[in-house]
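model this:
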Amino acid sequence: MDLNFNKNEDHNKLLVSDLKQRLAKVKLGGGEKRIAKLHAAGKMTARERINYLLDQNAKVIEIGAFTGEGMYAEHGGCPSGGVVVKIGYIKGKQCIVVANDATVKAGAWFPITGKKNLRAQEIAMENQIPIIYLVDSAGVYLPMQDEIFPDKEHFGRIFRNNAIMSSMGITQISAIMGSCVAGGAYLPIMSDEAIIVDKTASIFLAGSYLVKAAIGETIDNETLGGATTHCEISGVTDYKATDDKDALDKIKNIIDKIGDYTPAGFNRVKASKPTLDEKDIYGILPKARNEQYDMMEIINRLVDNSEFEAYKDGYGQTIITGYARIDGWAVGIVANQRKVVKNKKGEMQFGGVIYSDSADKATRFIANCNQKKIPLVFLQDVTGFMVGSKSEQGGIIKDGAKMVNAVSNSVVPKFTVVIGNSYGAGNYAMCGKAFDPRLIFAWPSAELAVMGGTQAAKVLAQIEASSLKAKGENINEAKENELFTKIKARYDEQTSPYYAAARIWTDGIIDPLDTRTWISMGIEAANHAPIEKKFNLGVIQV
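Residues are numbered from 1 along each chain as shown. Sure, this is the predicted structure:
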């Protein structure tokens, strides 16, 4: 091992250590005092509920753990968006579970809470896997109601999705485990079956105070919308549970009886670990985002037996394409090569840049994977498409458009791992969030932006300096450097993987060693949904 390897290893391990510390903080939700208050009321926390519900010692991934991080500081923050979402197994069946965190503003819905719930439903619909709602929410966070109530992707979309999923035959089960008020009351009742916990849970369109104000009726919340009322009088709910664990046990028993699904038929054999040490990834991945490295060294530590069948190996070398297996699943890999390479004409090409020949190769490979029904895995470390007169005259826009077309029209499931840079149109071509990957997740080394921080800061600093000069201010070199430093710091904050994860531009930030688990569980989920559309590129300029 060389000195550079050791420096990279130390840097990346520190990033993973920081990730784990941040996750530990996030898992406290609204804090230890609020957790204790919940326990005193005889209730479990959102995470305790999910952990009890899911099969022990089985694999699990969390979606959106860092949702809301750094947002809503003026409102006290919103850890994990006030809702916990995990994909795991209940009685051996893969499910997605959504649990309101009552320690965060009593489970109230912030704008980002709605976005996270919609993402969970999107995953359930795309993959046709059961979705479980553990409801304990005070409803919409009223100080921000204008950002969550009326629009297409706001709160109401959740109920629309309930109805759509029901028509698709996707199992939805709700457990009302606390407050369930107003419009939020429709979510559990639009599920297939609803369980309510006696004494600690209630569901109604309007609580006792609002009923008193609206119609003058005096009534307590338990009589108005408790378990006895809805299980024995209104018939709104289907099962009465004595406590949280009893409600969760009932969900387990229901899931246990669900019939088998018709698989999509993705190819899987017995899994094998990479023959090369996965932990070497920490030393291979450079500390600086502009340094070169061989992406094949990463791929060989992610795939079964470290075996990779390269497609068009000697052509379009700034994108690597080829077949492999991950945890037994057959996959087609499209990855940015990050080292300088020489093309067929003997010309040097920059690593991480998409050239016409590499875009052409990727387009053909994506078409092949669709024909063979092989899921696609995109490994992003891309600075964008090649620019300049030679590239423009060579038709880079046309070749890039073909690649974007192929990614857009792909019917096999796609999974995107943001390893390093994810800049500009390169993000799009390599299946960024806008192109519907089934899962998109990042390593702590990732950066997502329209362009690199240094380049962007230089452009913005020049614009601001010109504006100040036009106003008569004297701008010397020291002032220009000050402007650059200030702007770059702000821009760097926005390129952070945590900034992206907070806004659900990615589904999570993970230790690189967990990549195989995320891809494997993602393909297993996708295998629940048979492919009904045929791959068609439509109208495209050849």
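
output the below-cut-off pLDDT ranges for the stretch 351-500 of the chain.
452-453, 455-456 (pLDDT under 70).

in the chain, where's the longest helix?
helix 3-26 (DSSP state H).

buried set for that one?
Within helix 3-26, the residues that count as buried by 16 or more other Cβ atoms under 10 Å are 8, 9, 11, 12, 15, 16, 19, 22, 23, 26. All C-beta spots, glycine's among them, are computed from the backbone N, C-alpha and C.

looks like the fourth one contacts residue 282 (just checking).
Yes - proximity of residue 12 to residue 282 meets the contact threshold set by Cβ atoms under 8 Å, at 4.1 Å.

ok so, going back, between the buried residues of helix 3-26, which sits nearest residue 117?
Residue 117 lies nearest to residue 26 out of these, by Cβ to Cβ, at 17.4 Å.

look up how far residue 20 lies from that closest one.
Note on residue 26: its distance to residue 20, by Cβ to Cβ, to the nearest Å, is 11 Å.

just residue 176 next, same as before
Residue 176 is 34 Å from residue 20, by Cβ to Cβ.

what's the overlap in contacts for residue 12 and residue 282?
Taking Cβ atoms under 8 Å, 6 or more residues apart in numbering as the contact rule, residue 12 and residue 282 both touch residue 512.

which of the helices or strands spans residue 99?
Under DSSP states H and E, the secondary-structure element containing residue 99 is strand 93-100.

err, residue 332, not the other one
Here residue 332 is assigned to strand 329-336, by DSSP H and E.

which residues are contacting that strand?
266-268, 295, 298-299, 303, 308, 318-325, 351-352, 354, 362, 365-366, 368-369, 374-382, 426, 430-431, 519-520, 523-524.

just these: which are in strands?
Using DSSP state E, the subset of the contacts of strand 329-336 located in strands is 319-325, 354, 376-382.

what's the closest non-adjacent residue to residue 496?
Spatial nearest neighbour of residue 496, excluding adjacent residues (Cβ to Cβ, 6 or more residues apart in numbering): residue 447 at 7.4 Å.

that neighbour bridge partners, please.
Beta-bridge partners for residue 447, by DSSP bridges, are residue 421.

packing partners for the worst-scoring helix or strand of the chain on mean pLDDT?
Within the chain, no helix or strand scores below helix 453-470, which has a mean of 74 by mean pLDDT, DSSP states H and E. With contacts taken as 3 or more Cβ pairs under 8 Å, 6 or more residues apart in numbering; DSSP states H and E, helix 453-470 sits against helix 477-495.

which parts of the helix it packs on are buried?
Across helix 477-495, burial judged by 16+ other Cβ under 10 Å covers 480, 483, 484, 487, 488, 491, 492, 495.

any of the contacts of strand 329-336 buried? List them.
266, 268, 295, 298-299, 303, 308, 318-325, 351-352, 354, 362, 365-366, 369, 374-382, 426, 430-431, 519-520, 523-524.

mind listing the strands for the stretch 101-250 of the chain?
Along the stretch 101-250 of the chain, counting by DSSP state E, counting those that start in this stretch, strands occupy 131-137, 172-181, 193-197, 202-204, 239-241.

output these as CSV; include the columns distance to residue 111.
Output for those, formatted as CSV (distance: least, Cβ to Cβ, whole Å):
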stretch, distance to residue 111
strand 131-137, 14
strand 172-181, 18
strand 193-197, 26
strand 202-204, 24
strand 239-241, 31
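
out of these, which is closest to residue 272?
strand 131-137 (32.1 Å).

what is the neighbour count of residue 71?
When neighbours are defined as other Cβ atoms under 10 Å, residue 71 has 17 of them.
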